[in-house]
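1. structure here, sequence nowhere to be found:
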(Lines give C-alpha, C1' and ligand atoms only; values in the text may rest on other atoms or scores of the structure.)
Protein backbone atom coordinates (compact mmCIF):
# COMPACT_ATOMS: atom_id res chain seq x y z
CA UNK A 1 0.00 0.00 0.00
CA UNK A 2 1.37 3.42 -0.97
CA UNK A 3 2.14 5.80 1.86
CA UNK A 4 -0.30 8.67 2.38
CA UNK A 5 0.96 12.01 1.00
CA UNK A 6 2.80 14.08 3.58
CA UNK A 7 2.67 17.84 3.97
CA UNK A 8 5.97 19.63 3.39
CA UNK A 9 5.92 23.19 4.73
CA UNK A 10 8.63 25.48 3.34
CA UNK A 11 9.53 28.87 4.79
CA UNK A 12 12.59 31.05 5.20
CA UNK A 13 12.77 30.56 8.97
CA UNK A 14 12.04 27.47 11.03
CA UNK A 15 10.03 27.52 14.27
CA UNK A 16 13.35 27.00 16.09
CA UNK A 17 16.75 28.66 15.77
CA UNK A 18 19.96 26.82 16.50
CA UNK A 19 22.98 28.70 17.85
CA UNK A 20 26.39 27.49 18.97
CA UNK A 21 27.66 27.84 22.52
CA UNK A 22 31.16 26.46 22.37
CA UNK A 23 30.87 22.90 21.14
CA UNK A 24 27.19 22.68 22.08
CA UNK A 25 24.10 23.61 20.11
CA UNK A 26 21.38 25.68 21.77
CA UNK A 27 17.83 25.42 20.38
CA UNK A 28 15.22 28.08 21.07
CA UNK A 29 11.70 28.64 19.75
CA UNK A 30 11.13 31.56 17.41
CA UNK A 31 8.22 33.96 17.75
CA UNK A 32 6.18 35.26 14.85
CA UNK A 33 2.75 35.14 13.27
CA UNK A 34 3.78 32.96 10.33
CA UNK A 35 5.78 30.53 12.48
CA UNK A 36 2.82 30.11 14.81
CA UNK A 37 0.37 29.55 11.96
CA UNK A 38 2.46 26.91 10.22
CA UNK A 39 3.35 25.22 13.50
CA UNK A 40 -0.35 24.65 14.13
CA UNK A 41 -0.76 23.10 10.67
CA UNK A 42 2.03 20.57 11.13
CA UNK A 43 0.87 19.63 14.60
CA UNK A 44 -2.39 18.45 13.03
CA UNK A 45 -1.00 16.84 9.86
CA UNK A 46 1.86 14.45 9.20
CA UNK A 47 4.77 16.20 7.57
CA UNK A 48 8.13 17.98 7.64
CA UNK A 49 9.16 21.63 7.84
CA UNK A 50 11.95 22.74 5.47
CA UNK A 51 13.65 26.01 6.51
CA UNK A 52 16.78 27.79 7.61
CA UNK A 53 17.30 27.17 11.32
CA UNK A 54 20.44 29.09 12.25
CA UNK A 55 23.85 27.55 12.94
CA UNK A 56 23.17 24.04 11.72
CA UNK A 57 24.31 22.23 8.58
CA UNK A 58 21.89 20.72 6.05
CA UNK A 59 20.07 17.80 7.66
CA UNK A 60 17.26 16.80 9.95
CA UNK A 61 16.39 18.26 13.33
CA UNK A 62 14.43 15.48 14.98
CA UNK A 63 11.53 15.92 17.41
CA UNK A 64 13.79 14.55 20.15
CA UNK A 65 16.13 17.52 19.66
CA UNK A 66 13.56 20.27 19.18
CA UNK A 67 10.66 19.14 21.36
CA UNK A 68 8.30 19.63 18.41
CA UNK A 69 6.08 16.78 17.16
CA UNK A 70 7.45 16.94 13.60
CA UNK A 71 10.91 16.90 12.00
CA UNK A 72 12.63 19.94 10.51
CA UNK A 73 14.82 19.68 7.43
CA UNK A 74 17.39 22.41 8.00
CA UNK A 75 18.76 24.36 5.04
CA UNK A 76 22.21 25.71 5.78
CA UNK A 77 23.09 29.24 4.66
CA UNK A 78 26.44 30.91 5.27
CA UNK A 79 26.70 34.40 6.72
CA UNK A 80 27.51 35.77 3.27
CA UNK A 81 24.51 34.00 1.75
CA UNK A 82 22.24 35.39 4.46
CA UNK A 83 23.56 38.89 3.86
CA UNK A 84 22.90 38.75 0.12
CA UNK A 85 19.82 36.51 -0.11
CA UNK A 86 17.91 37.55 3.02
CA UNK A 87 19.18 40.98 4.04
CA UNK A 88 19.91 41.80 0.42
CA UNK A 89 17.39 40.61 -2.17
CA UNK A 90 14.49 39.68 0.12
CA UNK A 91 14.64 42.76 2.34
CA UNK A 92 16.26 45.40 0.12
CA UNK A 93 14.53 44.50 -3.13
CA UNK A 94 11.30 42.53 -2.71
CA UNK A 95 10.18 43.91 0.65
CA UNK A 96 10.33 47.63 -0.26
CA UNK A 97 9.15 46.95 -3.82
CA UNK A 98 6.02 45.09 -2.72
CA UNK A 99 5.21 47.64 -0.02
CA UNK A 100 5.59 50.38 -2.67
CA UNK A 101 8.74 51.99 -1.31
CA UNK A 102 10.74 51.76 -4.57
CA UNK A 103 13.28 54.39 -3.51
CA UNK A 104 14.40 52.01 -0.76
CA UNK A 105 15.20 49.24 -3.28
CA UNK A 106 18.82 48.28 -4.01
CA UNK A 107 18.93 46.28 -7.25
CA UNK A 108 22.31 44.66 -6.71
CA UNK A 109 23.08 41.75 -9.12
CA UNK A 110 24.97 39.91 -6.36
CA UNK A 111 21.74 39.97 -4.29
CA UNK A 112 19.91 38.24 -7.16
CA UNK A 113 22.61 35.60 -7.61
CA UNK A 114 22.48 34.75 -3.90
CA UNK A 115 18.67 34.70 -3.93
CA UNK A 116 18.58 32.25 -6.82
CA UNK A 117 21.18 29.97 -5.22
CA UNK A 118 19.39 30.03 -1.86
CA UNK A 119 16.09 29.11 -3.54
CA UNK A 120 17.85 26.19 -5.22
CA UNK A 121 19.01 25.06 -1.78
CA UNK A 122 15.50 25.22 -0.36
CA UNK A 123 14.13 23.27 -3.34
CA UNK A 124 16.85 20.65 -2.86
CA UNK A 125 15.83 20.41 0.81
CA UNK A 126 12.27 19.62 -0.27
CA UNK A 127 13.40 17.04 -2.82
CA UNK A 128 15.56 15.32 -0.21
CA UNK A 129 12.50 14.35 1.85
CA UNK A 130 9.69 14.33 -0.75
CA UNK A 131 7.91 11.42 -2.35
CA UNK A 132 5.64 11.45 -5.38
CA UNK A 133 2.24 12.90 -4.52
CA UNK A 134 3.36 14.89 -1.47
CA UNK A 135 1.86 18.33 -0.87
CA UNK A 136 4.34 21.22 -0.69
CA UNK A 137 3.28 24.52 0.85
CA UNK A 138 5.78 27.29 0.09
CA UNK A 139 5.44 30.46 2.11
CA UNK A 140 6.28 34.02 1.26
CA UNK A 141 8.43 36.26 -0.85
CA UNK A 142 11.77 34.79 0.23
CA UNK A 143 11.12 31.70 -1.89
CA UNK A 144 9.59 32.88 -5.20
CA UNK A 145 11.73 30.54 -7.29
CA UNK A 146 11.19 27.33 -5.30
CA UNK A 147 7.92 26.32 -7.06
CA UNK A 148 9.59 26.60 -10.46
CA UNK A 149 12.57 24.51 -9.36
CA UNK A 150 10.23 21.85 -7.97
CA UNK A 151 8.13 21.81 -11.14
CA UNK A 152 11.30 21.26 -13.17
CA UNK A 153 12.44 18.45 -10.86
CA UNK A 154 11.92 14.70 -11.17
CA UNK A 155 9.32 14.25 -8.40
CA UNK A 156 5.64 14.94 -9.17
CA UNK A 157 4.33 17.11 -6.33
CA UNK A 158 1.35 19.31 -5.57
CA UNK A 159 2.76 22.76 -4.90
CA UNK A 160 1.00 25.71 -3.29
CA UNK A 161 2.39 29.16 -2.53
CA UNK A 162 1.06 31.71 -0.09
CA UNK A 163 2.27 35.27 -0.57
CA UNK A 164 1.93 36.97 2.82
CA UNK A 165 2.86 40.54 1.89
CA UNK A 166 1.16 42.95 -0.57
CA UNK A 167 1.63 42.37 -4.29
CA UNK A 168 2.20 45.62 -6.19
CA UNK A 169 0.73 46.71 -9.53
CA UNK A 170 2.75 46.33 -12.76
CA UNK A 171 3.88 49.96 -12.67
CA UNK A 172 5.78 49.17 -9.45
CA UNK A 173 6.68 45.48 -9.85
CA UNK A 174 7.99 46.22 -13.33
CA UNK A 175 10.83 48.27 -11.85
CA UNK A 176 12.56 45.01 -10.91
CA UNK A 177 14.81 43.73 -13.70
CA UNK A 178 14.23 40.11 -12.61
CA UNK A 179 10.44 40.41 -12.77
CA UNK A 180 9.95 37.68 -15.41
CA UNK A 181 12.01 35.12 -13.49
CA UNK A 182 10.17 35.86 -10.25
CA UNK A 183 6.74 35.50 -11.83
CA UNK A 184 7.74 32.34 -13.71
CA UNK A 185 9.10 30.81 -10.52
CA UNK A 186 5.83 31.45 -8.68
CA UNK A 187 3.85 29.94 -11.54
CA UNK A 188 5.52 26.60 -10.89
CA UNK A 189 2.81 26.24 -8.23
CA UNK A 190 -0.66 24.76 -8.69
CA UNK A 191 -2.30 27.31 -6.37
CA UNK A 192 -1.07 30.81 -5.46
CA UNK A 193 -2.76 32.47 -2.48
CA UNK A 194 -2.63 36.19 -1.68
CA UNK A 195 -4.11 38.25 1.12
CA UNK A 196 -6.62 40.44 -0.76
CA UNK A 197 -8.41 40.60 -4.09
CA UNK A 198 -6.37 43.70 -4.94
CA UNK A 199 -3.16 41.68 -4.48
CA UNK A 200 -4.51 38.84 -6.65
CA UNK A 201 -5.56 41.29 -9.37
CA UNK A 202 -2.12 42.95 -9.28
CA UNK A 203 -0.40 39.58 -9.66
CA UNK A 204 -2.57 38.61 -12.62
CA UNK A 205 -1.97 42.00 -14.24
CA UNK A 206 1.81 41.51 -13.89
CA UNK A 207 1.58 38.04 -15.47
CA UNK A 208 -0.35 39.42 -18.44
CA UNK A 209 1.97 42.38 -18.94
CA UNK A 210 5.39 40.82 -18.37
CA UNK A 211 4.88 37.19 -19.41
CA UNK A 212 2.14 37.70 -22.00
CA UNK A 213 0.23 34.70 -20.64
CA UNK A 214 -3.54 34.20 -20.52
CA UNK A 215 -4.62 35.27 -17.03
CA UNK A 216 -8.32 35.68 -16.37
CA UNK A 217 -10.97 34.58 -13.88
CA UNK A 218 -8.31 33.74 -11.29
CA UNK A 219 -6.44 31.33 -13.62
CA UNK A 220 -3.13 31.50 -15.47
CA UNK A 221 -2.52 29.16 -18.40
CA UNK A 222 1.13 28.05 -18.62
CA UNK A 223 2.80 24.97 -20.15
CA UNK A 224 -0.55 23.32 -20.80
CA UNK A 225 -1.83 23.58 -17.23
CA UNK A 226 -3.83 26.07 -15.15
CA UNK A 227 -2.48 27.83 -12.06
CA UNK A 228 -5.20 29.01 -9.69
CA UNK A 229 -4.70 32.48 -8.15
CA UNK A 230 -6.91 33.27 -5.14
CA UNK A 231 -7.48 35.94 -2.52
CA UNK A 232 -7.44 34.06 0.77
CA UNK A 233 -6.79 36.28 3.84
CA UNK A 234 -4.92 34.59 6.66
CA UNK A 235 -6.67 34.11 10.02
CA UNK A 236 -5.49 33.62 13.58
CA UNK A 237 -6.19 31.02 16.27
CA UNK A 238 -9.01 33.14 17.66
CA UNK A 239 -10.11 30.50 20.18
CA UNK A 240 -6.65 30.41 21.74
CA UNK A 241 -6.46 34.18 22.12
CA UNK A 242 -9.97 34.25 23.57
CA UNK A 243 -9.02 31.53 26.08
CA UNK A 244 -5.83 33.39 27.04
CA UNK A 245 -7.81 36.59 27.64
CA UNK A 246 -10.16 34.64 29.92
CA UNK A 247 -7.29 33.15 31.94
CA UNK A 248 -7.30 34.56 35.52
CA UNK A 249 -3.52 35.01 35.45
CA UNK A 250 -3.71 37.02 32.22
CA UNK A 251 -6.56 39.11 33.64
CA UNK A 252 -4.52 39.85 36.74
CA UNK A 253 -1.54 40.84 34.61
CA UNK A 254 -3.79 43.16 32.58
CA UNK A 255 -5.09 44.78 35.77
CA UNK A 256 -1.51 45.31 36.98
CA UNK A 257 -0.54 46.92 33.67
CA UNK A 258 -3.36 49.43 33.95
CA UNK A 259 -2.56 50.11 37.58
CA UNK A 260 1.11 50.79 36.81
CA UNK A 261 0.22 52.98 33.87
CA UNK A 262 -2.20 55.02 35.96
CA UNK A 263 -4.19 56.24 32.95
CA UNK A 264 -7.91 56.41 32.41
CA UNK A 265 -7.55 55.30 28.77
CA UNK A 266 -4.79 52.98 27.53
CA UNK A 267 -3.74 53.00 23.88
CA UNK A 268 -1.51 50.30 22.39
CA UNK A 269 0.72 49.83 19.34
CA UNK A 270 2.49 46.52 18.64
CA UNK A 271 4.84 46.23 15.67
CA UNK A 272 8.06 44.77 14.39
CA UNK A 273 10.78 47.34 13.80
CA UNK A 274 10.04 48.17 10.17
CA UNK A 275 9.47 51.32 8.13
CA UNK A 276 6.25 49.86 6.68
CA UNK A 277 4.61 49.69 10.11
CA UNK A 278 4.14 53.44 10.47
CA UNK A 279 5.55 53.61 14.01
CA UNK A 280 7.01 57.10 13.65
CA UNK A 281 3.89 58.38 11.91
CA UNK A 282 1.75 56.92 14.73
CA UNK A 283 3.89 58.63 17.36
CA UNK A 284 3.54 61.94 15.51
CA UNK A 285 -0.23 61.44 15.36
CA UNK A 286 -0.34 60.76 19.11
CA UNK A 287 1.78 63.87 19.71
CA UNK A 288 -0.68 65.89 17.61
CA UNK A 289 -3.56 64.49 19.68
CA UNK A 290 -1.88 65.65 22.90
CA UNK A 291 -1.32 69.08 21.38
CA UNK A 292 -4.95 69.40 20.29
CA UNK A 293 -6.54 67.89 23.42
CA UNK A 294 -4.91 69.36 26.57
CA UNK A 295 -7.68 67.96 28.79
CA UNK A 296 -6.71 64.38 27.84
CA UNK A 297 -2.98 64.71 28.53
CA UNK A 298 -3.15 63.24 32.00
CA UNK A 299 -5.93 60.78 31.19
CA UNK A 300 -4.50 58.90 28.19
CA UNK A 301 -1.29 56.89 27.79
CA UNK A 302 0.13 55.11 24.75
CA UNK A 303 2.10 51.89 25.16
CA UNK A 304 4.25 51.25 22.09
CA UNK A 305 5.81 47.78 21.80
CA UNK A 306 8.44 47.51 19.08
CA UNK A 307 9.89 44.06 18.42
CA UNK A 308 13.54 44.09 17.25
CA UNK A 309 13.87 43.00 13.63
CA UNK A 310 16.32 42.83 10.70
CA UNK A 311 19.24 44.61 12.33
CA UNK A 312 21.37 43.23 9.48
CA UNK A 313 19.79 45.93 7.29
CA UNK A 314 21.39 49.38 7.96
CA UNK A 315 18.21 51.40 7.40
CA UNK A 316 16.51 49.60 10.29
CA UNK A 317 19.18 50.78 12.70
CA UNK A 318 18.61 54.34 11.50
CA UNK A 319 14.87 53.97 11.96
CA UNK A 320 15.32 52.79 15.55
CA UNK A 321 17.36 55.92 16.26
CA UNK A 322 14.59 58.12 14.84
CA UNK A 323 11.92 56.31 16.90
CA UNK A 324 14.01 56.74 20.07
CA UNK A 325 14.35 60.47 19.40
CA UNK A 326 10.62 60.88 18.76
CA UNK A 327 9.72 59.00 21.93
CA UNK A 328 12.14 61.14 23.92
CA UNK A 329 10.66 64.37 22.59
CA UNK A 330 7.06 63.35 23.38
CA UNK A 331 7.98 62.18 26.87
CA UNK A 332 9.92 65.39 27.48
CA UNK A 333 7.10 67.62 26.24
CA UNK A 334 4.14 66.04 27.99
CA UNK A 335 5.39 64.36 31.17
CA UNK A 336 3.71 66.06 34.13
CA UNK A 337 4.33 65.41 37.82
CA UNK A 338 6.50 62.38 36.94
CA UNK A 339 3.69 60.83 34.88
CA UNK A 340 4.58 60.07 31.23
CA UNK A 341 1.93 59.82 28.50
CA UNK A 342 4.05 57.27 26.62
CA UNK A 343 5.61 53.94 27.62
CA UNK A 344 8.01 52.50 25.05
CA UNK A 345 9.18 48.87 25.03
CA UNK A 346 11.82 47.72 22.55
CA UNK A 347 11.50 43.97 23.02
CA UNK A 348 9.46 40.93 22.06
CA UNK A 349 6.68 39.43 24.19
CA UNK A 350 5.26 35.92 24.24
CA UNK A 351 1.60 35.22 23.46
CA UNK A 352 0.46 35.30 27.09
CA UNK A 353 2.14 38.65 27.74
CA UNK A 354 0.68 40.12 24.56
CA UNK A 355 -2.76 38.83 25.50
CA UNK A 356 -2.50 40.77 28.78
CA UNK A 357 -1.59 43.97 26.92
CA UNK A 358 -4.44 43.46 24.44
CA UNK A 359 -6.88 42.83 27.29
CA UNK A 360 -5.75 45.93 29.20
CA UNK A 361 -6.08 48.18 26.16
CA UNK A 362 -9.01 50.47 25.42
CA UNK A 363 -7.82 51.49 21.95
CA UNK A 364 -5.50 49.55 19.62
CA UNK A 365 -3.63 51.67 17.06
CA UNK A 366 -2.81 49.41 14.10
CA UNK A 367 -1.61 51.92 11.53
CA UNK A 368 0.92 50.43 9.09
CA UNK A 369 1.77 52.45 6.00
CA UNK A 370 1.13 49.25 4.05
CA UNK A 371 0.61 45.68 5.21
CA UNK A 372 -0.39 42.40 3.60
CA UNK A 373 -2.84 41.62 6.40
CA UNK A 374 -1.71 42.54 9.95
CA UNK A 375 -2.49 39.90 12.54
CA UNK A 376 -2.16 42.27 15.52
CA UNK A 377 -5.54 43.74 14.57
CA UNK A 378 -7.16 40.30 14.64
CA UNK A 379 -5.39 39.24 17.84
CA UNK A 380 -6.62 42.37 19.62
CA UNK A 381 -10.20 41.68 18.53
CA UNK A 382 -10.02 38.02 19.64
CA UNK A 383 -8.89 39.09 23.11
CA UNK A 384 -11.94 41.39 23.40
CA UNK A 385 -14.56 38.75 22.64
CA UNK A 386 -16.23 39.36 26.00
CA UNK A 387 -15.60 43.12 26.28
CA UNK A 388 -15.53 46.35 24.39
CA UNK A 389 -12.58 48.11 22.88
CA UNK A 390 -11.82 50.21 19.79
CA UNK A 391 -9.67 49.23 16.83
CA UNK A 392 -8.07 52.06 14.84
CA UNK A 393 -6.88 50.49 11.58
CA UNK A 394 -4.90 51.73 8.61
CA UNK A 395 -6.81 51.76 5.35
CA UNK A 396 -3.64 50.33 3.75
CA UNK A 397 -3.62 47.15 5.85
CA UNK A 398 -5.12 44.06 4.24
CA UNK A 399 -7.20 43.53 7.39
CA UNK A 400 -9.17 46.71 6.66
CA UNK A 401 -10.92 44.92 3.76
CA UNK A 402 -12.76 42.68 6.24
CA UNK A 403 -12.69 44.56 9.55
CA UNK A 404 -14.90 47.41 8.39
CA UNK A 405 -16.19 48.19 11.91
CA UNK A 406 -12.77 49.54 12.85
CA UNK A 407 -12.03 53.25 12.67
CA UNK A 408 -10.06 53.42 9.44
CA UNK A 409 -7.37 56.04 9.01
CA UNK A 410 -4.79 57.29 6.54
CA UNK A 411 -1.59 56.56 8.51
CA UNK A 412 0.46 59.14 6.61
CA UNK A 413 -1.51 62.03 8.14
CA UNK A 414 -0.74 62.90 11.79
CA UNK A 415 -3.94 64.96 11.99
CA UNK A 416 -5.97 61.98 10.75
CA UNK A 417 -4.45 59.74 13.43
CA UNK A 418 -5.13 62.40 16.06
CA UNK A 419 -8.75 62.64 14.90
CA UNK A 420 -9.13 58.84 15.01
CA UNK A 421 -7.85 58.81 18.60
CA UNK A 422 -10.30 61.58 19.49
CA UNK A 423 -13.17 59.56 17.97
CA UNK A 424 -12.06 56.44 19.85
CA UNK A 425 -11.77 58.01 23.30
CA UNK A 426 -15.16 59.72 22.94
CA UNK A 427 -17.01 56.67 21.60
CA UNK A 428 -19.90 55.45 23.75
CA UNK A 429 -19.79 52.09 25.49
CA UNK A 430 -22.75 50.81 23.50
CA UNK A 431 -21.13 51.73 20.19
CA UNK A 432 -17.82 50.16 21.21
CA UNK A 433 -19.55 46.91 22.12
CA UNK A 434 -21.64 46.83 18.96
CA UNK A 435 -18.61 47.31 16.74
CA UNK A 436 -16.53 44.78 18.67
CA UNK A 437 -19.23 42.09 18.52
CA UNK A 438 -19.25 42.32 14.72
CA UNK A 439 -15.44 42.27 14.54
CA UNK A 440 -15.30 39.21 16.79
CA UNK A 441 -17.74 37.32 14.55
CA UNK A 442 -15.55 37.95 11.52
CA UNK A 443 -12.26 37.03 13.22
CA UNK A 444 -13.79 33.90 14.72
CA UNK A 445 -15.44 32.60 11.54
CA UNK A 446 -12.36 33.15 9.33
CA UNK A 447 -9.79 31.82 11.78
CA UNK A 448 -6.51 29.98 11.29
CA UNK A 449 -8.15 26.56 10.91
CA UNK A 450 -10.42 27.96 8.18
CA UNK A 451 -7.42 29.50 6.39
CA UNK A 452 -5.24 26.39 6.42
CA UNK A 453 -7.92 23.82 5.68
CA UNK A 454 -9.44 25.86 2.84
CA UNK A 455 -6.08 26.51 1.20
CA UNK A 456 -5.01 22.86 1.44
CA UNK A 457 -8.41 21.77 0.08
CA UNK A 458 -7.85 24.03 -2.95
CA UNK A 459 -4.44 22.46 -3.43
CA UNK A 460 -5.83 18.95 -3.13
CA UNK A 461 -8.35 19.79 -5.86
CA UNK A 462 -5.59 20.82 -8.30
CA UNK A 463 -5.29 18.88 -11.61
CA UNK A 464 -3.35 15.58 -11.80
CA UNK A 465 0.30 15.72 -10.81
CA UNK A 466 2.99 16.43 -13.36
CA UNK A 467 6.51 17.71 -13.65
CA UNK A 468 7.84 19.94 -16.39
CA UNK A 469 11.17 21.39 -17.36
CA UNK A 470 9.62 24.64 -18.50
CA UNK A 471 8.99 26.65 -15.32
CA UNK A 472 12.29 26.89 -13.48
CA UNK A 473 13.67 30.40 -12.96
CA UNK A 474 16.22 31.52 -15.48
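-> Sure, I can see it. Nothing here was measured: the structure is a model prediction, and the numbers come from that model.
2. CA atoms for contacts and neighbours, from now on please.
-> Fine.
3. for the protein, which spans come out with low pLDDT?
-> Within the chain, the ranges that satisfy pLDDT under 70 run 1-2, 22-23, 31-33, 58, 310-313, 464, 466-474.
4. please redo it, this time with the cut-off set to 50
-> Counting by pLDDT under 50, the chain contains low-confidence ranges at 470-471, 474.
5. could you point out the longest strand of it?
-> Assignment by DSSP state E gives strand 7-21 as the longest strand of the chain.
6. other residues contacting that strand?
-> Strand 7-21 is contacted from outside by 25-31, 35-36, 38-39, 42, 45-56, 66, 72, 74, 122, 126, 130, 134-140, 142-143, using C-alpha atoms under 8 Å, 6 or more residues apart in numbering.
7. go on, stretch 331-338?
-> The contact list for stretch 331-338 (C-alpha under 8 Å, 6+ apart) reads 290, 297-298, 340-342.
8. which parts of it are buried?
-> By neighbour count on 16 or more other C-alpha atoms under 10 Å, the buried set for stretch 331-338 is 331, 334.
9. now swap in stretch 241-249 and tell me
-> For stretch 241-249, burial by neighbour count (16+ other C-alpha under 10 Å) applies to 241-242, 244-246.
10. looking at those, which are in strands?
-> If you go by DSSP E, the buried residues of stretch 241-249 have nothing in strands.
11. out of the residues you listed, which is nearest to residue 184?
-> Relative to residue 184, the closest of the buried residues of stretch 241-249 is residue 241; by C-alpha to C-alpha it sits at 38.6 Å.
12. end to end, how far does stretch 270-286 reach?
-> Using C-alpha to C-alpha, to the nearest Å, one end of stretch 270-286 lies 15 Å from the other.
13. for that stretch, give me every contacting residue.
-> Residues from elsewhere that reach stretch 270-286 (C-alpha under 8 Å, 6+ apart): 99, 302, 304-310, 316, 319-320, 322-323, 326-327, 365-371, 376, 411-418, 421.
14. rewinding a little: mind checking which of the buried residues of stretch 241-249 are in helices?
-> 241-242, 244-246 (DSSP state H).
15. farthest pair in those residues?
-> For these, the maximum inter-member distance is 8.7 Å, found between 241 and 246 (C-alpha to C-alpha).
16. ok so, going back, out of the contacts of stretch 331-338, list just those in strands.
-> When strands are assigned by DSSP E, the members of the contacts of stretch 331-338 inside them are residue 342.
17. I'd like the contacts of stretch 331-338 as JSON lines, with distance to residue 385 and neighbour count appended.
-> As requested, these are exported to JSON lines (distance: C-alpha to C-alpha, whole Å; neighbours: other C-alpha atoms under 10 Å):
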{"residue": "290", "distance to residue 385": "30", "neighbour count": "21"}
{"residue": "297", "distance to residue 385": "29", "neighbour count": "19"}
{"residue": "298", "distance to residue 385": "29", "neighbour count": "19"}
{"residue": "340", "distance to residue 385": "30", "neighbour count": "21"}
{"residue": "341", "distance to residue 385": "27", "neighbour count": "27"}
{"residue": "342", "distance to residue 385": "27", "neighbour count": "24"}
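18. check the contacts of stretch 331-338 and tell me the two furthest apart.
-> Applying C-alpha to C-alpha across those, the maximum distance is between 290 and 340, 11.9 Å.
19. can you map out the helices along the stretch 1-150 of the chain?
-> 33-44, 63-66, 79-81, 95-98, 109-129, 146-151 (DSSP state H, counting those that start in this stretch).
20. over to the stretch 351-474 of the chain?
-> Listed in chain order, the helices of the stretch 351-474 of the chain (DSSP H, counting those that start in this stretch) span 351-360, 375-382, 414-426, 429-445, 448-460.
21. of those, which stretch is the most buried?
-> helix 375-382 (a mean of 25; mean count of other C-alpha atoms under 10 Å).
22. mind giving me the packing neighbours of it?
-> If you count contacts as 3 or more C-alpha pairs under 8 Å, 6 or more residues apart in numbering; DSSP states H and E, helix 375-382 packs onto helix 238-246, helix 351-360, strand 363-366, strand 390-394, helix 429-445.
23. mind checking how far stretch 318-338 is from the chain centre?
-> Distance of stretch 318-338 from its chain centroid, counting by C-alpha atoms, centre = their mean, to the nearest Å, is 28 Å.
24. swap that for stretch 261-280, sorry
-> Offset of stretch 261-280 from its chain centre (C-alpha atoms, centre = their mean): 17 Å.
25. and if you look at stretch 249-261?
-> Distance, centroid of stretch 249-261 to centroid of chain: 28 Å (C-alpha atoms, centre = their mean).
26. likewise stretch 82-98?
-> For stretch 82-98, the distance to the chain centre is 15 Å (C-alpha atoms, centre = their mean).
27. distance between the ends of it?
-> Terminal residues of stretch 82-98 lie 20 Å apart, using C-alpha to C-alpha.
28. what lies in contact with it?
-> Residues outside stretch 82-98 that contact it (C-alpha under 8 Å, 6+ apart): 102, 104-108, 110-112, 114-115, 118, 141-142, 165-168, 172-173, 310, 312-313.
29. count the residues that sit near the nearest residue to residue 261 once chain neighbours are set aside.
-> Nearest residue to residue 261, sequence neighbours excluded (C-alpha to C-alpha, 6 or more residues apart in numbering): residue 301, at 7.4 Å. Neighbours of residue 301 under the rule other C-alpha atoms under 10 Å: 23.
30. understood, closing this out.
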